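Undergrad: need coordinates for the following:
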Amino acid sequence: MKDEPLISIIIPVFNVERYLERCVESVLGQTYRHLEIFLVDDGSTDSSGEICEHLKKKDARIKVIHKINGGLSDARNAALDIVRGEWITFIDSDDWVEKKYVECLYEKAVKTNSQISIGNFVTTSGATRTEEKEKELYNIVMDNEEAISNLLYQKYYTTSAWGKLYKSELFDKIRFPVGKLYEDVETIYKVFADAERSVYTAEKLYYYFQRDESIVRTGFTIKKMDYADNARKVLEDVKKRYPSLEGGAVSRLLWADIHILVHMDDRTKYPDEYKQLWKEIKSSRFHVLMDPRVRPINKLVMACSYMGINVLKILFNMKNS
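TA: Next up, the predicted model:
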């Protein structure tokens, strides 16, 4: 225990009374024991805050922060400001993890001298583990540029903050943008840009619970334009620092554009935004289709864009049904 570094787990909490205990119990059952666990109650209006206090009494490693609602970024930042761990991982409060989640990611980071360790994940809408046929397990060790390439081209892993173990020093000067949706897109890109080496394991360690009321699955609001705005910021930085990866950043941006479009039920309410998104798609979709590094699903979506928004919506609904 004394030789193991302290690892900080940050769990933002907002109105998740139905799911919180499942998440925290999966953390308390970790095979890696030297943890500090932050439950950040972001002004919940249900019983989530009380559940946090109840869970705190069960395990001394749990620390509870109660704060005025400021959004997911603000909640994560509140914990980042006071963490003591040498490593940090984020878990969303409606998700859960395997018992060896922390141990596996930490061991792979140490063995490969990596600053970021990434695990595979399972998307589920059920309450329990989704049984899938296990594929061959493998690890990939990546230098800075390869890790960013995989991030932009959405190969193996996504820009989500969860499901990854980070050396805490990577967040010394980086915080999540308060008041923004899809805050992970730009923030996690910045973190990867500062890491010399990363490792990915195909082992499924994280369970991403897809709720109908989640931001990703709900209808359009003007705030959803943050998704494209953040992706554009990434593109501008990639042009300067990683010009050979511009195609990946463009593909990532167009993926955001289409995600927003398919949720825009009444385009007459947002004509300027609608035109802007389509303009970007039309100007770059051919290049995405010709890029051999773009994953097949992105190419399929780009090809369908030539047939209009209604076809895209059908494809999107099929993919997310």
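Undergrad: so what's I91 up against?
TA: By C-beta atoms under 8 Å, 6 or more residues apart in numbering, the contact list for I91 reads I9, I10, I11, C23, V27, V97, W162, Y206. In this view, the C-beta of every residue, glycine as well, is placed from N, C-alpha and C.
Undergrad: if we use 10 Å, what do you get?
TA: Contact analysis of I91 by C-beta atoms under 10 Å, 6 or more residues apart in numbering lists 9-12, 23-24, 26-27, 37, 97, 101-102, 161-163, 206-207.
Undergrad: among those residues, the buried ones, what's the PyMOL command?
TA: Those of the contacts of I91 that count as buried under 16 or more other C-beta atoms under 10 Å are selected in PyMOL with:
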select buried, resi 9+10+11+12+23+24+26+27+37+97+101+102+161+162+163+206+207
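Undergrad: where does the prediction get shaky in the stretch 151-300 of the chain?
TA: Low-confidence segments of the stretch 151-300 of the chain (pLDDT under 70): 211-219.
Undergrad: how about the strands of it, start to end?
TA: Counting by DSSP state E, counting those that start in this stretch, the stretch 151-300 of the chain has strands at residues 164-167, 197-209.
Undergrad: pull up the pairing partners for the shortest one, direction included.
TA: Each strand pairing with strand 164-167, determined using DSSP bridges, is listed with its direction: strand 87-90 (antiparallel), strand 116-124 (antiparallel).
Undergrad: off-centre distance for it?
TA: Relative to its chain's centre, strand 164-167 lies at 12 Å (C-alpha atoms, centre = their mean, to the nearest Å).
Undergrad: now the helices for this protein?
TA: For the chain, the helices defined by DSSP state H cover 20-28, 48-58, 72-80, 101-112, 144-152, 184-193, 225-241, 246-263, 271-290, 296-305, 309-319.
Undergrad: quick one: work out the angle between the first one and helix 101-112.
TA: Spelled out, it's helix 20-28. For helix 20-28 against helix 101-112, the angle by axes from the mean of the first three to the mean of the last three C-alpha atoms, to 10 degrees is 40 degrees.
Undergrad: what's the answer for the fifth one, then?
TA: Compare the direction of helix 144-152 with that of helix 101-112 by the same axes, to 10 degrees and you get 150 degrees.
Undergrad: the inter-axis angle of helix 144-152 versus helix 246-263?
TA: Here helix 144-152 points in a direction 20 degrees away from that of helix 246-263 (the same axes, to 10 degrees).
Undergrad: helices or strands up against helix 144-152?
TA: Based on contacts counted as 3 or more C-beta pairs under 10 Å, 6 or more residues apart in numbering; DSSP states H and E, the elements that helix 144-152 packs against are strand 116-124, strand 139-143, helix 184-193, strand 197-209, helix 225-241, helix 246-263.
Undergrad: now render the ones you listed as CSV, adding distance to D291.
TA: CSV is the format used below for these (distance: least, C-beta to C-beta, whole Å):
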stretch, distance to D291
strand 116-124, 23
strand 139-143, 19
helix 184-193, 18
strand 197-209, 21
helix 225-241, 14
helix 246-263, 4
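Undergrad: just to revisit the earlier point, which among the helices of the chain is found nearest to V178?
TA: For those, distance to V178 was read as C-beta to C-beta. The smallest value, 4.8 Å, belongs to helix 72-80.
Undergrad: just checking, what packs against the closest one?
TA: Secondary-structure packing of helix 72-80 (3+ C-beta pairs under 10 Å, 6+ apart): strand 7-13, strand 35-42, strand 62-67, strand 87-90, helix 184-193.
Undergrad: now render the ones you listed as TSV, adding distance to E169.
TA: Listed next are these as TSV, based on distance: least, C-beta to C-beta, whole Å:
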stretch	distance to E169
strand 7-13	12
strand 35-42	17
strand 62-67	21
strand 87-90	10
helix 184-193	11
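Undergrad: kind regards, and thank you for your time.
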